[in-house]
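S.K.: below is the sequence, then the predicted model.
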Amino acid sequence: RAPAPAPAPATTEGGAPARPPTVVPFTNIRRRTAEHMTLSKQTSPHAYSVIEVDYENVERVRRTVRDTWKAEEGFSLTYLPFIARAVIDALEEFPHLNATVGADELVVEPAVHLGIAVDLDFEGLLAPVVRDAESKRLRAIAREIVDLSGRARTKRLSIDEITGGTFTITNNGSFGTAIVLPIINQPQVGILSTDAITRKPVVVIDGDGGEAIAIHSVGMLALAWDHRAFDGSYAGAFLSHVKQILETRDWAAEL
């Protein structure tokens, strides 16, 4: 029997041959990221809470120290170390977010080992860990974030530096995102997304209790949390405490 004729190549509406899809094999880090994210969604019932933060209290300090900080440290002072510092302190007050879920139990960790998610040129993610973060102040945290992030991108981290985190922050703000709902970094029970901080009109209260409009730096914080570990009121109270720290702390005293 004569072989069946090969099917005619697909064509576009105009008659030109259709271009085949491009197959992009997963790199090792992309494959591992995909596996980890799938496992997380299968393991944890994700819930989300979002809060708006007025960063003007932080911005005033950043403007004041911007030049001297850059001269002393060799890198710019971003919002991320302030957010990290506020999260670390809030975890001390809300320890069930600094935990893992065991067999019918919540295992609360005694120290805060803060993971900072780092994008690897759009190929995948690593979350190097600031260990014993509760013992470190703003400047030390900023230095460590810059060091770990830089070495993550150049593949110069040890296994110990990317394992053992108890809570993670992921930062998408540089891309202008408004709200990102992240996936929990297993086996943790929470991850915080920091998004774009922009200048917006806000209502401020003057000394006499009157209202006025001012232009402030404002952004969203989004928390993904494991509903097995606690409920929405706990997550909301944690976010509210992070907001309160960012908006009211004397950050100049930290520097």
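M.R.: It's in. Numbering: from 1, shown residues only.

S.K.: these two touch, right, Arg228 and Val101?
M.R.: Yes. With contact taken as Cβ atoms under 8 Å, Arg228 and Val101 are classed as touching, separated by 5.3 Å. In this view, the C-beta of every residue, glycine as well, is placed from N, C-alpha and C.

S.K.: hmm, Ala196 is touching Leu221, no?
M.R.: No. Judged on Cβ under 8 Å, Ala196 makes no contact with Leu221 at a distance of 11.5 Å.

S.K.: all helices of the stretch 1-150 of the chain, in order?
M.R.: 28-43, 56-73, 80-93, 138-153 (DSSP state H, counting those that start in this stretch).

S.K.: ignore the last one, the stretch 151-255 of the chain
M.R.: For the stretch 151-255 of the chain, helices defined by DSSP H, counting those that start in this stretch occupy the ranges 232-248.

S.K.: show me the shaky parts of it.
M.R.: Scanning the stretch 151-255 of the chain for pLDDT under 70 picks out no residues.

S.K.: just the strands in it please.
M.R.: 167-171, 190-205, 211-226 (DSSP state E, counting those that start in this stretch).

S.K.: hmm, back to that, higher neighbour count, Ala196 and Leu221?
M.R.: Taking other Cβ atoms under 10 Å, Ala196 and Leu221 do not tie; Leu221 has more neighbours (22 against 16).

S.K.: quick one: the more buried one and Ala142, what's the gap?
M.R.: Using Cβ to Cβ, to the nearest Å, Leu221 is found at 18 Å from Ala142.

S.K.: wait, what's in contact with Ser153?
M.R.: No Ser there; residue 153 is Arg. 118, 120-121 (Cβ atoms under 8 Å, 6 or more residues apart in numbering).

S.K.: how far is stretch 220-237 from where the chain is centred?
M.R.: With Cα atoms, centre = their mean, to the nearest Å as the basis, stretch 220-237 stands 15 Å off its chain's centre.

S.K.: begin at 486 from here
M.R.: Shifting the count to begin at 486 puts that one at stretch 705-722.

S.K.: may I see the buried residues of it?
M.R.: Residues of stretch 705-722 classed as buried: 705-711, 714-715, 720 (neighbour count, 16 or more other Cβ atoms under 10 Å).
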